[in-house]
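Undergrad: Predicted coordinates and the sequence they were generated for:
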Amino acid sequence: MKLIVDLDRAKTRLDVLNVVLDHGSVTPSEVAEKLGLTQNAVNIALHYLSKSGLVRKVERGRYEVNYAVFCKALIALAIRLKDVLGGRIV
């Protein structure tokens, strides 16, 4: 059961991150409206995304992607995928 809850939280965080990526600087209420989530659920997701460094809080309670961290994470993921695929990147 815990795994299901963890996967649901991860999906919510990914959905929130995607909205921030697609729309730039956004407020939690804007994200909640776009995803049909409660503002509390979005605030929790943004809290953990901020803690990880993927997003950052900017003026007036708005959030945006921290591209320096985001790009490093993508590079690390690509390297890991390359290792998993035995050096083959399709």
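TA: Nice, I can see it.

Undergrad: From now on I want contacts and neighbour counts done on CA atoms only, so please keep to that.
TA: Will do.

Undergrad: Show me where the chain dips below the pLDDT cut-off.
TA: By pLDDT under 70, the low-scoring segments of the chain are 1-6, 88-90.

Undergrad: what about the longest helix in it?
TA: helix 2-23 (DSSP state H).

Undergrad: tell me which strands and helices it is in contact with?
TA: helix 28-35, helix 39-52, strand 63-65 (3 or more C-alpha pairs under 8 Å, 6 or more residues apart in numbering; DSSP states H and E).

Undergrad: Phi and psi next, for Val55.
TA: With angles defined as degrees, to the nearest 10, Val55 sits at phi -130, psi 160.

Undergrad: gap between the closest residue to it other than its chain neighbours and Ile79?
TA: Among residues not flanking Val55 along the chain, Val65 sits closest, at 4.3 Å (C-alpha to C-alpha, 6 or more residues apart in numbering). Val65 sits 22 Å away from Ile79, going by C-alpha to C-alpha, to the nearest Å.

Undergrad: neighbour count winner among those two?
TA: Taking other C-alpha atoms under 10 Å, Val65 and Ile79 do not tie; Val65 has more neighbours (25 against 14).

Undergrad: ok, the more buried one - contacts?
TA: Shown in contact with Val65 (C-alpha atoms under 8 Å, 6 or more residues apart in numbering): 17, 20-21, 24-25, 54-56.

Undergrad: how near is it to Val20?
TA: For Val65, the distance to Val20 - C-alpha to C-alpha - is 6 Å.

Undergrad: got the contacts of Val65 as a markdown table, with distance to Lys34 columns?
TA: Listed next are the contacts of Val65 as a markdown table, based on distance: C-alpha to C-alpha, whole Å:
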| residue | distance to Lys34 |
| --- | --- |
| Leu17 | 12 |
| Val20 | 11 |
| Leu21 | 13 |
| Gly24 | 13 |
| Ser25 | 14 |
| Leu54 | 20 |
| Val55 | 18 |
| Arg56 | 19 |
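
Undergrad: And these, which is closest to Ala45?
TA: Leu17 (8.6 Å; C-alpha to C-alpha).

Undergrad: burial measure for the closest one, as a count.
TA: There are 21 residues near Leu17, going by other C-alpha under 10 Å.
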